[in-house]
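J.: Fold the following and give me the result.
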Amino acid sequence: MSRAVFAASLLLVIACAGDPSAPADGETGTGAPADTGASGSVAVSEGEGTAPTSEGETTAEPTGPTFHGDVLPLFAQHCQGCHEPGGIAPFDITDYAVAAPLSPAIAAATSARTMPPFVADNSGACRSFTHARWISDEEIDLLAAWDAAGAPEGDPTTPRPIPPAPDALVGDEIVTVTTPAGYEPVADEAGMADDYQCFVVDPGVADVARYLVGYEVVPGNPAVTHHLIGFLVDPEASTPLGGTNRTRMEALDAESPDQPGWDCYGAAGDGVLPEGTPVTWAPGGGAFNFPVGTGIRVDPGYVLVLQMHYNLAVGGGADATDLRLSMADEVEREAVNALNDRFLATLFNGTTVKIPAGESEFQWTWSERIGDWDDRISGWNGVQLLGMLPHMHGLGRRMEVELIQGDQRSCAIYVDRWDFNWQQAFMYAEPINVMPGDELQVTCEWDASARDRDTYPGLGTGDEMCLLGIYAAELP
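T.: The predicted model follows:
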C-alpha cells in the first residue's frame, strides 16, 4: 500500500477516538454508583482468633484478606492512578469507607476483567505487553475472598503503600505543546457526559525531518481528561472533500468561533486527512518511550491534531493538557505506524459486507501481507513488529490476530473484551521478528443482537470497523 493510499485509508478507518453514544466511563466503571453515601466500616467475618479491647471484651479478628493489609497494596499497584481524589474514576477506592461497600462490584468487575481496563489478553497465552493494566488470577481471587469475608478493614495504622512511580520520559530534547488554556469541556449534544474536541499543536519541525522517540501526557484537569489521541497531519495535503488539510481545519475551527478547536467524534475531524497516530494515552500511565533506537518520522511543517476525550460524569472545569514530545535528529531505525481495514475496504471494491440485525456473534476475517501495510515496510529485508492497535466500534466484542509464516500460525494479539471507551496501542514485551511476505489474519466479532437494522462498514459511530494498526521497524 503506498503512503498516499495509506493516508487516504487512514481517514476512512479511524472513526476511533471515542463514541459519543457510548455510556460514560464514570457511569459504567465497576457498575457501582459514584456516590455510595457509605460511612464507617462494615461487618467482618467471625474467626477463631479474638483480640482484647480496652474494656476487656473481645472482638473477632479477620481470618481472610483485609483492606489495609492485602487489598490496599493491590489497589496502589493497579488502580490508584484513576481511582483517587481528583482522578477520572468516579470513586476513591483508597478510602476504606468508600471501598468496603463496593467490594461485591469490585470482585465482579475484576473477575470479569473489565477492571482494570485492558482489553487485550495479557495472560501469556497470546503474547505479553508492556504497561499492561493486568492483575493476576491470584489477585482476582484475593479480592473475591475479601468480599466473601465481609470486606474486613484490618489494622488502619498499617503504613499506606506508595504507588509505583510512573515511567520517566527520556531523550535529549523535550518539546512541550499544550492544548488551549482555559478550554472548558462541554458535553456534546449526542455524547451524554462526553466531549470530543480537537486542537492543532505544532511540534516545531521546520527544515528537516525529525523523529518522535517518546511522549508524556500531563493532564491539566485529571478529573475530566479521559484520553488523548495525537494524529500526525500534513497541512498541505489534499483532502477528499477538496482543498487542503489546512483549509479544512480552518473551516472546522471557524464553525465554533466562541471556543478553540472543533468537535471531532472520530479521527482528526471531518475531512482532515491524517497520516498516522503516533500518540495514544489514557489515565494511569506514565511516559511512553519507543523501543530504544526507533522513532516515528515527523516531516517539516507537519502538525499534530490532538483529539481530547473529556468525560464529565464526575468532574468539570477548564483544562490545559501538556504533551511532552521527545524528539531526535536521527534514529537507528525508523518506526512505521500503518493502519489497514479490509472490512471497510469492501465499501469500495463492490463486495460490501453487512452485519445482520439481531446477530449476536457475527464474524468476518481478512488477511494481508505485512509488506502491503505500507510501502516503506515492503522494502525492508526483515520486520520487527513492536506493537498493535486494534479498533472496532460499539458492536465490537472480540478481535483475534494470527501471524501466518508459511505453514506456521501463531497468535499475535487477542482482544477478548473489546470496550470502545478504552482504546490504546499495545506494545509487545518481546517484539516479533517477521518478513514482509508473512501475513496477518484478522478476525472481528460483533454483537448486533440489540440492532433492528443491518450494520455496514463506515465512519459513523453507528457503523462498524475491523481495523488493525501495526507499529513496526526494520530488523536491526
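J.: Show me the contact partners of stretch 347-361.
T.: When contacts are taken as CB atoms under 8 Å, 6 or more residues apart in numbering, the neighbours of stretch 347-361 outside the stretch itself are 343, 346, 362, 364, 395, 397, 445-449, 451-458, 464. Just so you know, the C-beta spots here come from the backbone N, C-alpha and C atoms, and that holds for glycine as well.
J.: tell me how far the ends of it are from each other?
T.: End-to-end distance of stretch 347-361: 22 Å, with CA to CA, to the nearest Å as the criterion.
J.: ditto for stretch 206-222
T.: For stretch 206-222, the first-to-last residue distance is 32 Å (CA to CA).
J.: Does residue 162 belong to a helix, a strand or coil?
T.: Assigned state for residue 162: coil (three-state reduction, DSSP: H, G, I helix; E, B strand; the rest coil).
J.: Just the contacts of stretch 347-361: which are in helices?
T.: Judged by DSSP state H, the subset of the contacts of stretch 347-361 located in helices is residue 343.
J.: Let me see the ranges of the helices in the stretch 101-250 of the chain.
T.: Taking DSSP state H, counting those that start in this stretch as the criterion, the stretch 101-250 of the chain contains helices spanning 103-111, 137-148, 245-254.
J.: residue ranges with poor pLDDT in this structure?
T.: Scanning the chain with the threshold set as pLDDT under 70 gives 1-62, 88, 189-192, 265-266, 284-285, 459-461.
J.: Domain-wise, how is it divided?
T.: Domain ranges of the chain: 167-331, 337-474, per automatic domain parsing.
J.: Redo those as TSV? Include mean neighbour count and distance to residue 64.
T.: Shown next, in TSV, are these (neighbours: other CB atoms under 10 Å; distance: least, CB to CB, whole Å):
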stretch	mean neighbour count	distance to residue 64
domain 167-331	19	28
domain 337-474	19	28
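J.: Can you lay out the helices of the stretch 101-250 of the chain as a markdown table showing distance to residue 305?
T.: Converted to a markdown table, the helices of the stretch 101-250 of the chain look like this (distance: least, CB to CB, whole Å):
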| stretch | distance to residue 305 |
| --- | --- |
| helix 103-111 | 34 |
| helix 137-148 | 38 |
| helix 245-254 | 7 |
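J.: dump the residue contacts of residue 329.
T.: For residue 329, the contacting residues are 208, 210, 211, taking CB under 8 Å, 6+ apart as the criterion.
J.: next one: stretch 85-95 to chain centre, how far?
T.: Centroid separation between stretch 85-95 and its chain, computed with CA atoms, centre = their mean, to the nearest Å, is 19 Å.
J.: For it, buried residues please.
T.: Buried residues in stretch 85-95, counted by 16 or more other CB atoms under 10 Å: 87, 88, 89, 90, 91, 92, 93, 94.
J.: how much space between the fourth one and residue 147?
T.: In this structure, residue 90 lies at 19 Å from residue 147, with CB to CB, to the nearest Å as the measure.
J.: Residue 278 too?
T.: Distance, residue 278 to residue 147, using CB to CB: 41 Å.
J.: hang on, the earlier thing: using a markdown table, lay out the domains of the chain together with distance to residue 132.
T.: Written out in a markdown table, the entries for the domains of the chain read as follows (distance: least, CB to CB, whole Å):
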| stretch | distance to residue 132 |
| --- | --- |
| domain 167-331 | 10 |
| domain 337-474 | 8 |
